[in-house]
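Visitor: My questions concern the predicted model and sequence given below.
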Amino acid sequence: MSKGIFVVIEQRSGKVQNVGLELVGESTRLKEDLKDEVVAVLLGHEIEGQVDKLFHYGADKVILVDSPYLKEYVTEPYTKAITAIVNEYDPEIMLFGASSIGRDVAPRVASRVKTGLVADTTGLRMAKTEEEFAKEAAMGCEDPTRALLMTRPAFGGNIMATLMCPRTKPQMATVRPGVMKRIAKDTTRTGELIKFNVDFTDADMNVEILEVVKADKKAVDLTEAKLIVSGGRGIGGAQGFDLIRDVADALGAEVGSSRACVDAGWIEKDRQVGQTGKTVRPDLYMACGISGAIQHVAGMENSELVISINKNDTAPIFEVSDLGIVGDVKVILPKLADAVRKYKA
Ligand code: FAD
């Protein structure tokens with residue numbers, strides 16, 4: 001019988017990335033229903049030092065493949081190693097981050113082990129109701145109580161589709177970074193470390209890495225930001241972001257944006273929040289002159305506290321806001337920046 005919720009952990013330069021910890025956290029929630037174990041799969045070279053962190057964030061077991069062939073991400077050796085692990089352990093569920101690495105490797109593994117893959121999911125849960133069990137059974141699922149329901153936006157984000165993969169294992173998904181929540185770190189947690197050997201040969205290394213060029217340090221990672229001040233079309237133009245930046249500076253926040261401003265060329269694409277941008281989960285999200293289209297809300301609705309400024313009191317953004325300010329951003333933002341600076345002084 002297939003067993004275990006496996007999470008493929010992404011590491012870069014030997015450091016575990018957040019998306020892996022988020023997926024381990026989500027797996028601990030799935031485990032409550034599935035009554036199974038959470039297994040983190042860590043690939044890399046000289047990365048054993050990262051193993052404890054995976055236990056601290058909820059993994060019951062870690063399968064470690066350590067090889068010089070895995071030092072940097074290369075499609076073929078990573079695909080080979082993960083495929084070997086699936087063939088050896090027959091996982092019930094296998095999760096990847098929907099990052100550039102996860103999107104590259106997951107479909108290849110799915111194809112080699114002849115299972116399905118639901119890409120870019122934003123919600124996971126085990127089937128629970130009699131109706132869901134009946135649907136799974138009708139589609140050929142042997143044990144519907146172990147069926148994973150995977151939700152993702154479809155048709156341009158206008159509907160959310162829930163998909164299942166009832167006949168083949170593992171049930172596989174890539175999951176958007178920033179959507180799931182990690183659990184609180186517990187440094188007393190430990191688990192079982194399994195060192196897994198894969199026989200690599202030079203023929204597996206079908207790509208030669210000449211140089212690894214790190215992205216500009218200044219590149220923003222909104223998914224990590226605790227405070228975000230975002231501007232929408234209502235700020236009136238590229239110069240409107242000066243007001244947004246001023247408030248963000250005062251608060252120590254990152255600047256975000258709706259897609260309308262990115263499309264208009266007012267700000268760079270890596271600032272875009274939403275379905276085709278970043279999914280964020282900050283402690284504070286300020287939406288300034290943003291209407292609250294479903295595609296924008298999809299990327300920020302899990303923020304802890306949402307404050308919105310909009311001159312239209314019926315703007316949909318107010319429906320997902322904890323605090324709504326009806327007014328003109330050009331008037332309110334400078335006052336807000338001043339007030340924050342005075343408060344901090
Ligand atoms: P608008 O909808 O034009 O809203 C501007 C708001 O500003 C209005 O509510 C207005 O009342 C208010 N306003 C105007 N002047 C002022 C003022 N002076 N003071 C205060 N308020 C003012 N959008 C995203 O953001 N992210 C995505 O990832 C994304 N992905 C998409 C994917 C698809 C497939 C599609 C079809 C669309 C996507 N969109 C996305 C676009 C989305 O549908 C909206 O068009 C977009 O979010 C609107 O941006 P906005 O709220 O800034 O602009």
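Guide: On my side now, so go ahead.
Visitor: Roughly how far does residue 132 sit from residue 162?
Guide: Residue 132 sits 9 Å away from residue 162, going by CB to CB, to the nearest Å. Heads up, the C-betas are built off the backbone N, CA and C, glycines and all.
Visitor: Common neighbours of the two, please.
Guide: Here residue 132 and residue 162 share the contacting residues residue 149, scored by CB atoms under 8 Å, 6 or more residues apart in numbering.
Visitor: And these two? Which one has more around it.
Guide: Between residue 132 and residue 162, counted using other CB atoms under 10 Å, the more crowded position is residue 132 (18 against 14).
Visitor: so after the helix or strand harbouring the more buried one, what's the next helix or strand?
Guide: In the assignment (DSSP states H and E), residue 132 maps to helix 130-138. Sequence-wise, the next helix or strand downstream of helix 130-138 (DSSP H and E) is strand 148-154.
Visitor: That following strand versus helix 130-138: what angle between them?
Guide: 100 degrees (axes from the mean of the first three to the mean of the last three CA atoms, to 10 degrees).
Visitor: what does strand 148-154 rub up against?
Guide: Contacts for strand 148-154 (CB under 8 Å, 6+ apart): 30, 93, 118-127, 132, 159-165, 171, 173, 275, 298.
Visitor: Buried ones in that strand, by neighbour count?
Guide: By neighbour count with 16 or more other CB atoms under 10 Å, strand 148-154 contains the buried residues 148-153.
Visitor: helices or strands up against the helix or strand just after it?
Guide: Per DSSP H and E, the first helix or strand lying C-terminal to strand 148-154 is strand 159-163. In this structure, strand 159-163 makes packing contacts with strand 148-154, judged by 3 or more CB pairs under 8 Å, 6 or more residues apart in numbering; DSSP states H and E.
Visitor: can you state the direction angle for the strand it packs on and strand 159-163?
Guide: 150 degrees.
Visitor: can you redo the buried residues of strand 148-154 as JSON lines with distance to residue 324 and pLDDT?
Guide: Below are the buried residues of strand 148-154 laid out as JSON lines (distance: CB to CB, whole Å; pLDDT from 0 to 100):
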{"residue": "148", "distance to residue 324": "37", "pLDDT": "96"}
{"residue": "149", "distance to residue 324": "33", "pLDDT": "96"}
{"residue": "150", "distance to residue 324": "33", "pLDDT": "97"}
{"residue": "151", "distance to residue 324": "28", "pLDDT": "95"}
{"residue": "152", "distance to residue 324": "29", "pLDDT": "92"}
{"residue": "153", "distance to residue 324": "25", "pLDDT": "84"}
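Visitor: where along the stretch 1-150 of the chain do the strands fall?
Guide: Listed in chain order, the strands found in the stretch 1-150 of the chain under DSSP state E, counting those that start in this stretch are 5-9, 11-12, 15-16, 38-44, 61-66, 93-97, 118-121, 123-126, 148-154.
Visitor: Secondary structure element holding residue 309?
Guide: Per DSSP H and E: strand 305-310 holds residue 309.
Visitor: Just the CA atoms of that strand, as CSV, please.
Guide: Included here for strand 305-310 are C-alpha records, laid out as CSV according to Å, rounded to 0.1, in the frame of the first residue of the first chain:
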residue,chain,number,x,y,z
LEU,A,305,-4.1,42.3,8.6
VAL,A,306,-5.4,44.1,5.5
ILE,A,307,-5.9,47.9,5.4
SER,A,308,-7.3,49.5,2.3
ILE,A,309,-7.6,53.0,1.0
ASN,A,310,-10.0,53.6,-1.8
